[in-house]
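Trainee: The sequence and its predicted three-dimensional model are supplied below.
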Amino acid sequence: MWITSSLTNVLAPTAVALGNFDGIHQGHLQVIAPVMNDDSQTRATVVSFSPHPKEFFTGQPRKLLTPHSEKALQLSTIGVEQLVLLPFNRELAALTPQQFVEEILIRHLQARRVSIGQDFRFGCKRAGTATDLQAIASDYGIEVTIVPLLTFQGVRISSSAIREALQSGDLHGANRMLGRAYCLVGEVVQGQQLGRTIGFPTANLQLPAEKFIPKQGVYAVRVSGTGIDRELGVMNIGNRPTVNGVKQTIEVHLLDWSGDLYGQTLTVELKQFIRSEQKFNSLDDLKSQIRADCDTARTLRVAVS
């Protein structure tokens with residue numbers, strides 16, 4: 001998949017799915033689908049923004065469900081040919097809806113078809129609606145598909161709803177809205193090696209700074225990496241209060257695997273939330289609970305496959 005943040009390097013003409021697409025959830029897939037079925041003379045293209053517009057306007061770093069590398073991987077997996085990360089700056093924010101269509105969609109992207117969600121807004125001060133885009137683009141012969149909002153249990157599927165579910169420990173709901181397991185992708189780095197001293201060696205994951213971290217606690221997970229094919233594991237996200245930890249760590253224990261993981265990049269699929277983090281009176285009590293967590297994960301083997 002071709003990835004660019006410069007409009008001068010776009011492979012055109014294009015069929016464009018337009019939006020932020022953080023998470024590449026079920027609703028996003030509905031928006032992307034129409035451009036995947038376009039004719040062979042256009043590039044199936046997802047156009048997103050970097051940084052996220054809310055981050056630009058607030059000046060506050062925004063945690064992402066899918067940092068750019070993960071977003072690119074998810075889009076490539078479903079067959080998207082091109083990802084354009086539009087630099088969201090003052091110039092782009094100042095464009096009127098008409099200018100956005102003429103400058104971005106027509107001049108640079110040479111869009112033949114555009115797909116957007118029903119709630120899409122664009123142009124200066126978000127003045128343009130989905131129907132505005134459809135009307136303006138029609139004057140240039142561009143077909144715009146407006147995709148209805150998708151819901152799950154009566155709630156609109158959105159990146160915000162998925163974040164809220166992850167924050168509350170509702171992993172089932174988050175994964176249903178995503179259409180796959182929420183993943184943490186990071187490099188294994190040196191930790192305090194406490195786990196191996198109590199019989200449960202763990203891989204200490206370092207994640208991208210912008211990655212959204214779910215609720216602290218223990219999870220049943222599947223882990224992939226070099227020589228590791230979705231092995232069952234238990235992951236802890238937390239400050240390790242039993243050993244007076246003050247910094248949040250993300251540690252994974254693989255149940256049926258042993259070896260050196262330092263320096264590897266692991267993909268951890270969060271399958272089920274087991275329990276919240278807690279402080280134990282002793283290391284022996286902690287060991288007993290970890291053993292119970294591992295047993296719980298094993299009983300969930302079918303459910304988390």
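Mentor: Perfect, I can see it now.
Trainee: Which SSE is immediately downstream of the host helix or strand of Leu166?
Mentor: According to DSSP states H and E, Leu166 maps onto helix 159-168. Using DSSP H and E, the helix or strand that follows helix 159-168 in sequence is helix 171-178.
Trainee: Can you give the distance of that following helix from its chain's centre?
Mentor: Put simply, helix 171-178 sits 12 Å off its chain's centre (CA atoms, centre = their mean, to the nearest Å).
Trainee: show me what contacts Ile136?
Mentor: Pro97, Gln98, Val101, Gly128 (CB atoms under 8 Å, 6 or more residues apart in numbering). Just so you know, the C-beta spots here come from the backbone N, C-alpha and C atoms, and that holds for glycine as well.
Trainee: so which of those residues comes closest to Thr58?
Mentor: Gly128 (20.9 Å; CB to CB).
Trainee: Settle this for me: that closest one is touching Gln99, isn't it.
Mentor: No - Gly128 sits out of contact with Gln99 when judged by CB atoms under 8 Å, with a separation of 10.1 Å.
Trainee: what about these two, which has more around it?
Mentor: Shown here are Gly128 and Gln99; by other CB atoms under 10 Å, Gly128 has more neighbours (21 against 14).
Trainee: Excluding chain neighbours, what is closest to the more buried one?
Mentor: Closest residue to Gly128 in three dimensions, ignoring its sequence neighbours and counting by CB to CB, 6 or more residues apart in numbering: Pro97, at 3.2 Å.
Trainee: how about stretch 288-300: buried residues?
Mentor: Ile290, Asp293, Cys294, Ala297 (16 or more other CB atoms under 10 Å).
Trainee: out of those, who's nearest Asn281?
Mentor: Comparing the buried residues of stretch 288-300 against Asn281 with CB to CB places Ile290 closest, at 14.5 Å.
Trainee: Check whether that closest one sits in a helix, strand or coil.
Mentor: helix (DSSP: H, G, I helix; E, B strand; the rest coil).
Trainee: neighbouring strands for the helix or strand where Gln272 lies, and are they parallel or not?
Mentor: Using DSSP H and E, Gln272 falls within strand 265-275. Using DSSP bridges, strand 265-275 pairs in its sheet with strand 182-189 (antiparallel), strand 217-225 (antiparallel).
Trainee: got those as TSV, with mean neighbour count columns?
Mentor: Formatted as TSV, the strands paired with strand 265-275 follow (neighbours: other CB atoms under 10 Å):
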stretch	mean neighbour count
strand 182-189	19
strand 217-225	22
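Trainee: Would you reformat those strands as a markdown table and include distance to Ile162?
Mentor: As requested, the strands paired with strand 265-275 are exported to a markdown table (distance: least, CB to CB, whole Å):
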| stretch | distance to Ile162 |
| --- | --- |
| strand 182-189 | 8 |
| strand 217-225 | 16 |
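Trainee: To what extent is Leu7 buried, counted in neighbours?
Mentor: Leu7: 16 surrounding residues under other CB under 10 Å.
Trainee: Quick check, central residue of this structure?
Mentor: Thr66 (2.5 Å; CA atoms, centre = their mean).
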